[in-house]
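Colleague: For reference, the sequence and a predicted model appear below.
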Amino acid sequence: RFETTQGNFDIEAKREWSPEGVDRLYQLIESEFYTDIAIYRVVPNFVAQFGIHNDTILNTSWSKYKVDDEPTLEKNYKGSISFARGGPKSRTTQIFINLKDNNRLDELDYSGVKGFPVVAKVTEGMDNIMKFYGGYGDKLGFKQDSIQKRGNDFIKRKYPKVDFIYKAYILK
């Protein structure tokens, strides 16, 4: 379960979709990484992305452990969740939720890697996800370095409408 400024949403993850990716997602949730996390990139009718922690040391630590690339076995339908990446073996902590069916992401050859493997799907609360503020669009997607360096203070001062994840945890 993810508790956010717009309400909760629940997900289901299955290892057969992306064993390495699902294991990483589990590790991040269990270690409370997704606590006080900005949903900094909301591109309406595309994706909502998050996964940069307020603690720069924590970001640096996790970024050293990259997740191996895997094939895309599930479709990037609305409500599915995948890790963001920028090239081979670059998946770390950032994930995105598809806000519509983004089937082109299943086959997209981007920086030498094909597709964005789905690691989870939203099972409840998609209506809350659709309320995430998208007025900044991709603007913060191009300011990830500033977010990494200055953290949530930078976001709250310059982009006060950004939604946040309060915490994420495993429902037993």
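Modeller: Yes, it's here.

Colleague: Helices along the protein, start to end?
Modeller: 19-30, 56-63, 104-107, 126-129, 144-158 (DSSP state H).

Colleague: Out of those helices, which is the most enclosed?
Modeller: Mean neighbour count (mean count of other CB atoms under 10 Å) peaks for helix 19-30 among the helices of the chain, with a mean of 18. (C-beta placed from N, C-alpha, C; glycine too.)

Colleague: what does that helix contact?
Modeller: 13-15, 34, 51, 62, 67-68, 70, 81-83, 91-93, 95, 117, 119-120, 168-170 (CB atoms under 8 Å, 6 or more residues apart in numbering).

Colleague: partner strands of the worst-scoring helix or strand of the chain on mean pLDDT, parallel or antiparallel?
Modeller: Lowest by mean pLDDT, DSSP states H and E among the helices and strands of the chain is strand 109-110, with a mean of 88. Strand 109-110 has its sheet partners listed here by DSSP bridges as strand 113-114 (antiparallel).

Colleague: hmm, back to that, out of the helices of the chain, which is closest to Gly7?
Modeller: Across those, Gly7 has its closest neighbour in helix 126-129 (3.7 Å, CB to CB).

Colleague: I figured Ser90 was touching Lys66, is that so?
Modeller: Yes. Contact criterion CB atoms under 8 Å: Ser90 and Lys66 qualify, at 6.1 Å.

Colleague: Overlap in contacts, the two.
Modeller: Common neighbours of Ser90 and Lys66, using CB under 8 Å, 6+ apart, do not exist here.

Colleague: that older thread, turn the helices of the chain into TSV, columns for mean pLDDT and distance to Val113.
Modeller: Converted to TSV, the helices of the chain look like this (pLDDT from 0 to 100; distance: least, CB to CB, whole Å):
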stretch	mean pLDDT	distance to Val113
helix 19-30	98	13
helix 56-63	94	17
helix 104-107	96	11
helix 126-129	98	26
helix 144-158	95	19
